[in-house]
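1. predicted model follows, preceded by the sequence.
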Number of protein chains: 2
Amino acid sequence: MKTKFERILRSLNLKSTPKRIAMLEVLDDEQVYLSPEDIWLRLKKRFRTLGLPTVYRNLEGLFEGGVISRVIHPDRKLYYYLCRNEEHHHHFICMSCRRVEDVRFCAERELQEAVRSGIRGKVLSHILQINGLCHACLKKEGTVHVS
Amino acid sequence: MKTKFERILRSLNLKSTPKRIAMLEVLDDEQVYLSPEDIWLRLKKRFRTLGLPTVYRNLEGLFEGGVISRVIHPDRKLYYYLCRNEEHHHHFICMSCRRVEDVRFCAERELQEAVRSGIRGKVLSHILQINGLCHACLKKEGTVHVS
DNA sequence: TTTCAAATGAAAATTGTTTCTATTTATCTC
DNA sequence: GAGATAAATAGAAACAATTTTCATTTGAAA
Ligand SMILES: [Zn+2]
Ligand SMILES: [Zn+2]
Ligand SMILES: [Zn+2]
Ligand SMILES: [Zn+2]
């Protein structure tokens, strides 16, 4: 009986090592985006000898495999988020608490059209991210740390 | 008689130094995004003692003043672009030649609505960027270097 | 021209991220 | 279950883009 994460790793031809699984668990447990160091800090108690390079490598592998997504951040550091939603969609990022929520809306069609007709180019990818304050953070104003 | 760039700098309470003006000229001449080092390389012939930190500092100041915009790049380095279009809009980035073109379309209203009703949060900003191949690069296929 | 905050150059520091290499481990096969 | 093998990993070191520091210069206002 394989766990969900073991199956995911297998399907990507990645070995299901305890550390990879633990990383996915950490990401899955929190609905916020995390930096490699965040994940490393959360796991180094459990794995005495977990190296930061391992965390970086695994996150990048999982990102390339499409299991996790990156967050665009003003500080230009790496942040990752594990989203359970399989469909194409985009993300709302809370600038205060790092919570990530799905935004169903995507103007892909209109963008394609604007590029084809106006620019006469070809769309390869698009980035859409909304930065703001989530419902919870809106309520506890004053505690807000917008970086 | 002040030049356009002198007026812009003045309005931002930035001194109009020869180097700042030259940086704006470089950005204005090319309709592509440039890195701090790109700009430094283009100017260090003219200014024997131009330092890279000065370029970084000035670009950041111009960005904060809203004169130039940043480009989101897979390599996560800094790239800037001087856009003449004053209205709110977004950018199409050619992955091959760095050309930047304006995309009129913006789904701001729909995004606002999705966040207000579904997420019940507050939108502070949004990022929309389309990556692709421009018309010129589409024609000369084979020369394409998608990084 | 005098004044002074802002801008700058040069060197050094910072720091997030990546590379390198020897060792360990997951998984495949028998 | 016991090798065989390529993938994964730790630890140290390297890297490289960006930022800081500080002494000096310069733009612009009076
Ligand atoms: Zn929040
Ligand atoms: Zn999502
Ligand atoms: Zn192009
Ligand atoms: Zn534009």
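-> Cool, got the structure. Ligands and ions are numbered 1, 2, ... in the order given.
2. look up how far A:Tyr80 lies from A:His73.
-> According to Cβ to Cβ, to the nearest Å, A:His73 and A:Tyr80 sit 11 Å apart. Yep, even glycine has a C-beta here, placed from its N, CA and C like the rest.
3. quick one: the strands in chain A, in order.
-> For chain A, applying DSSP state E gives strands covering A:69-70, A:80-81, A:90-94, A:100-103, A:122-133.
4. any weak-confidence spans in chain A?
-> Low-confidence segments of chain A, defined by pLDDT under 70: A:1, A:142-147.
5. make it 80
-> Along chain A, the parts satisfying pLDDT under 80 run over A:1-2, A:141-147.
6. please list the residues of it that sit near DNA strand D.
-> By the criterion of Cβ under 7 Å from any atom of the strand, the positions of chain A lying close to DNA strand D are A:14-15, A:17, A:19-20, A:47, A:49-51, A:53-54, A:57-58, A:61, A:76.
7. just to revisit the earlier point, dump the strands of chain A to JSON lines, plus mean neighbour count and distance to A:Lys4.
-> Shown next, in JSON lines, are the strands of chain A (neighbours: other Cβ atoms under 10 Å in any protein chain shown; distance: least, Cβ to Cβ, whole Å):
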{"stretch": "strand A:69-70", "mean neighbour count": "18", "distance to A:Lys4": "18"}
{"stretch": "strand A:80-81", "mean neighbour count": "21", "distance to A:Lys4": "17"}
{"stretch": "strand A:90-94", "mean neighbour count": "24", "distance to A:Lys4": "22"}
{"stretch": "strand A:100-103", "mean neighbour count": "20", "distance to A:Lys4": "19"}
{"stretch": "strand A:122-133", "mean neighbour count": "19", "distance to A:Lys4": "27"}
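8. distance of A:Lys140 relative to B:His90?
-> On the measure of Cβ to Cβ, A:Lys140 and B:His90 end up 32 Å apart.
9. for A:Leu9, that is, sorry about that
-> As for A:Leu9, its distance to B:His90 is 36 Å (criterion: Cβ to Cβ).
10. tabulate the CA atom coordinates of stretch A:87-94 in CSV.
-> Coordinates of each C-alpha in stretch A:87-94 appear next as CSV, following Å, rounded to 0.1, in the frame of the first residue of the first chain:
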residue,chain,number,x,y,z
GLU,A,87,-6.7,22.3,-13.3
HIS,A,88,-5.0,25.4,-14.8
HIS,A,89,-5.5,28.3,-12.4
HIS,A,90,-3.6,31.0,-10.6
HIS,A,91,-2.9,32.1,-7.1
PHE,A,92,-3.8,34.8,-4.7
ILE,A,93,-0.9,35.4,-2.2
CYS,A,94,-1.4,37.0,1.1
